[in-house]
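# fold the following and give me the result.
(one chain, ligands or ions: 1)
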Amino acid sequence: MDVKRLASFCQKVGIAYKTAEEYGGLAGFYDWGVRGAQIKKNVKDVWWSYFVERNELIGGMDGSIITHPKVWEASGHVGEFHDPIVKCTKCGNVYRADHLVEDVKGVNAEGLSLEELAKILKDVKCPSCGGELGDVSYFNLMFSTKVGPYEGTVSYLRPETAQLIFVDFPEHYIHMRKRLPFGIAQMGKAYRNEISPRGFLFRLREFEQMEIEFFFDPENDESPFYREIKHTKVRAKPWKGEEDVYMLDDIIDDYKGREWMIYWIYHSLKFFELVGVDMDRVRIRQQSPEERAHYSMDTWDVEFYFDDMGWKEIEGIAHRSDYDLSRHRTFSKSDKYVVRMGGRSFVPWVVEPSWGVERTILAILYSSYREDEERVWLDLKPWIAPVQVAVFPLLSRDNLPEEARRIYYTLRALFRTEYDEGGSIGKRYRRYDEIGTPYAVTVDYQTLEDKTVTVRERNTMKQERVGIDELLPYLGERMRWT
Ligand code: GAP
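Have a look, this model is predicted:
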């Protein structure tokens, strides 16, 4: 399927659409609609529940979006967080230089230096007007802003949520009881002034991340879960090897923290499966040294295969060693980034799984979109569906609406439930299939006689008669994800 088609479907059913369309939209910015806002909340809730509430090693935080500018100097983002650009000397169009090389020459240009890109682009003309291209230079992706009414007080909108976790490490260490390992999770907005936002929800200028920084002692880096999961088989592409099915234990390099790297890859894949990503379209791919971010000593991306866009990163799992904490120690001149444990003083090391919320949802929607001659529907997991139960009276008369409303009031206390009596019953089924509603409860004339209703399952369209008294346990059992 084509992502463009999914985008127009999402607009039609109220999931997501370009912001401020009446003014022509703003590239890289999307709004979430009546259905999409709920889907987004559900994905984030499952993530928080899976990784924070049900994991005793992880605590949560919620940091500020505009942060002390020194944070971004220390993190390396002021100096290093850039992409190469090239500008047309005639029409002024600006292109991301590595993407232009990929589009025009069909070669992977990720990680090439400015000189290498300039050399390849020497004989390339502007794709838009045919004009000469100028020099290749770097463009920093951070959005800057002024803080307060004072001249020159500049800060940045965070380009990742991670850095707030690092800079606040001295606080976390105390509140996580001064023990290692532990992780801190955060989800929220991040901003990047992307040169060419594209792919619907894929490359945005404003998006959300769900990130965990997992701190460990490099001299004591064993994971108690390692033996249980090390033989897990995954579809993987190591940077030096071919894509194949490998055991996790065989492909992760031998460095301090490898057992935690395995742990986070394992749970990342479990999470994608839990929220309904088609695992036949998922692989992990190791970045080459040239591709890696400035802070990373090893990175594995979780990638999803889109028919039209190919393999694309939906999550990055990076080994950040002590890079960030050591930089904050140096820049802040604070020794609180050093821990004292077992007679040693050291800066903890970090493994970081980092999910994009929008990319996760894009993969979920792409995986769950179904159509046949009769209908279009989303095969969403019940915990992700914006509406879990739809309640219909068969007809809008003869006491059927009153009975249906009574059932609706009971169910809505436990499930995301909607009541609908507009249009034919067939139309109502289609309307709720389209947004992935897994169950529809219909009140008919038999209900008035024997206190049973029909429950229709979205995928099979099969109907079952269930007693009103049994509805809560019947549905409850089908809505739980553990
Ligand atoms: N803290 C590490 C970090 O930010 P990243 O690989 O730059 O690493 C992590 O980003 C994840 O955030 C990506 O895997 C992707 O899902 C999401 N992401 C990054 N840039 C994005 C963008 N411009 N639009 C949407 N999602 C983005």
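# for the ligand, what is the nearest residue in the stretch 1-150 of the chain?
Proximity of the stretch 1-150 of the chain to the ligand (Cβ to the nearest ligand atom) peaks at Gly28, 7.5 Å away. In short, each C-beta sits where N, CA and C put it, glycine included.
# wait, Val34 sits on Gly14?
Yes - using Cβ atoms under 8 Å, Val34 is in contact with Gly14, at 4.4 Å.
# between those two, tell me which one has more neighbours.
Gly14 (17 against 11; other Cβ atoms under 10 Å).
# what distance do you get for Ala318 to Phe202?
20 Å (Cβ to Cβ, to the nearest Å).
# who has more neighbours, the two?
Ala318 (25 against 20).
# which bits of the protein sit near the ligand?
Residues of the chain that fall close to the ligand, judged by Cβ under 6 Å from any ligand atom: 160, 162, 192, 194, 203-204, 207, 209, 211, 313-316, 352, 354-356, 358-359.
# counting neighbours, which of these end up buried?
160, 162, 192, 194, 203-204, 207, 209, 211, 314-316, 352, 354-356, 358-359 (16 or more other Cβ atoms under 10 Å).
# helices - which of those land there?
Counting by DSSP state H, the part of these found in helices is 162, 358-359.
# return the residues in contact with the residue of the stretch 351-482 of the chain found nearest the ligand.
Closest contact between the stretch 351-482 of the chain and the ligand, by Cβ to the nearest ligand atom, is at Gly356 (2.3 Å). Listed by Cβ atoms under 8 Å, 6 or more residues apart in numbering, the contact partners of Gly356 are 207-209, 314-315.
# burial of Tyr191, as a residue count?
21.
# the helix or strand that contains Arg340 pairs with which strands, and in what direction?
Take DSSP states H and E as the rule and Arg340 turns out to sit in strand 339-341. Strand 339-341 pairs in its sheet with strand 344-346 (antiparallel), by DSSP bridges.
# if I pick Leu121, what's in contact with it?
86, 97, 100-101, 133, 136.
# from those residues, which two are the most distant?
The distance between the two most remote of these (Cβ to Cβ) is 11.2 Å, for Val101 and Leu133.
# quickly list what's touching both of the two.
Overlap of the contact sets of Val101 and Leu133 (by Cβ under 8 Å, 6+ apart) consists of 121, 124.
# and the helix or strand containing Gln186, which residues are buried?
Element membership of Gln186 [criterion: DSSP H and E] is strand 182-191. Within strand 182-191, the residues that count as buried by 16+ other Cβ under 10 Å are 182-188, 190-191.
# count of residues packed around Arg196?
Slight slip there: residue 196 is Ser, not Arg. Considering only other Cβ under 10 Å, Ser196 is surrounded by 15 other residues.
# toward the C-terminus, what is the element adjacent to the helix or strand harbouring Asp135?
Taking DSSP H and E as the definition, Asp135 sits inside strand 133-140. Later in the chain than strand 133-140, the nearest helix or strand by DSSP H and E is strand 144-146.
# not counting that following strand itself, show me its contacts.
Here strand 144-146 has contacts from 66, 153-157, using Cβ under 8 Å, 6+ apart.
# just the ones of these in strands?
Judged by DSSP state E, the subset of the contacts of strand 144-146 located in strands is 66, 154-157.
# who wins on neighbours among the residues you listed?
Tallying neighbours with other Cβ under 10 Å puts Tyr156 at the head of these, with 24 neighbours.
# for that residue, give the beta-bridge partners.
Here Tyr156, judged by DSSP bridges, has bridge partners Thr67, Ser144.
# so what's it up against?
66-67, 69, 72, 77, 142-145.
# neighbour-wise, give me the winner out of the residues you listed.
Counting by other Cβ under 10 Å, top hit in these: Trp72 with 24 neighbours.
# thinking that one is in contact with Gly79, fair?
No - the criterion here is Cβ under 8 Å, and Trp72 misses it with Gly79 at 9.3 Å.
# buried residues, the biggest helix by length in the chain. List them.
Counting by DSSP H, the longest helix found in the chain is helix 258-274. By neighbour count with 16+ other Cβ under 10 Å, helix 258-274 contains the buried residues 258-269, 271-272, 274.
# of all those, which comes closest to the ligand?
Ser268 (10.4 Å).
# doesn't Glu303 make contact with that closest one?
No - counting by Cβ under 8 Å, Ser268 does not reach Glu303; the two are 11.5 Å apart.
# so who does Pro382 touch?
Contacts of Pro382 (Cβ under 8 Å, 6+ apart): 388, 438-439, 478-479.
# outline the domain layout of this structure.
Annotated domains of the chain cover 3-78+143-368, 82-140, 376-479 [automatic domain parsing].
# what's Arg281 in contact with, if anything?
The neighbours of Arg281, taking Cβ under 8 Å, 6+ apart as the test, are 304-305, 363, 366-367.
# 10 Å instead, please
235, 272, 303-307, 311, 363, 366-367 (Cβ atoms under 10 Å, 6 or more residues apart in numbering).
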